[in-house]
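*Asks:* With the sequence up front, the predicted model follows.
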Amino acid sequence: MTFKARESLSEQIAGHLAGQIIRGEMLAGDRIQELRVAGELEVSRGSVREALLILERRHLIDILPRRGAVVRDLSEAQVRGLYELVQVLLGLVIRKAIKNVREEDLDPIIALIHELQLAASDRDLDRFFELSFRFLEHAYPFARNAFVEDVLADLHPALQRTYFMALHLDGDEMKECLSFFKALVETIFRRDVRSALEIIREFAERQSALVQESITRARQIEAAWRGRRKR
């Protein structure tokens, strides 16, 4: 794999590994071996070690004594906590946007809405996924708060992991997400804080419940399978 100089090497390695976790190519509990990753990517073990610390900070892995780095489990409580925090932080961002932004500041956001619409029409999940987070990345600076932006940046990979799951769990989820983005932009144009916060709350609670239900169902299936094997 060839890396570019625009980011630190450890950041690029972290991004590569994060993509595998987000897409489900590495599953909860899977070990990430420094030596294997270093060999596959032709980088130093020190750079891989730094990348793993980044992934731990971004809530995708745990670094455990005697086990090393493992992909973090996704529990119902963790999903619920993630969406509760995102709801609060995104609400802050949108409140600031409603207060401060000019209509012309929203031009890039409007362009992304059009691209999201095209991706949804084409049923292009990967493109829709990418554009969704470009939309959010364009919105975060409206907070005018570097601390908020930093926290959201660190939460992004964990949110991408659950968002990716949601898009693949429900055939209508892409349509629901598109409606959410459109409605959010409309509330900014109307300067309607109350509606914006309600839209964010409803979206976060609905998608959180969808992912939690999937986790619960998978755990029940696994428990039933283990029960059958013991007979």
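*Replies:* Now that the structure is in, tell me what you want to look at. Numbering: from 1, shown residues only.
*Asks:* can you give me the helices for the chain?
*Replies:* With DSSP state H, the ranges of helices along the chain come out as 9-22, 34-41, 45-57, 76-100, 107-121, 125-139, 146-169, 173-190, 193-230.
*Asks:* could these go into a markdown table alongside mean pLDDT and mean neighbour count?
*Replies:* Glycine gets a C-beta too; all of them are placed from N, C-alpha and C. Below are these laid out as a markdown table (pLDDT from 0 to 100; neighbours: other CB atoms under 10 Å):
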| stretch | mean pLDDT | mean neighbour count |
| --- | --- | --- |
| helix 9-22 | 93 | 20 |
| helix 34-41 | 91 | 15 |
| helix 45-57 | 93 | 18 |
| helix 76-100 | 95 | 18 |
| helix 107-121 | 96 | 15 |
| helix 125-139 | 95 | 18 |
| helix 146-169 | 93 | 18 |
| helix 173-190 | 95 | 17 |
| helix 193-230 | 85 | 14 |
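*Asks:* Tabulate the ones you listed (TSV), appending distance to residue 68.
*Replies:* Below are the helices of the chain laid out as TSV (distance: least, CB to CB, whole Å):
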stretch	distance to residue 68
helix 9-22	13
helix 34-41	7
helix 45-57	8
helix 76-100	21
helix 107-121	38
helix 125-139	29
helix 146-169	19
helix 173-190	34
helix 193-230	24
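*Asks:* chain center to stretch 108-117, what's the gap?
*Replies:* Centroid displacement of stretch 108-117 relative to its chain, using CA atoms, centre = their mean, to the nearest Å, is 19 Å.
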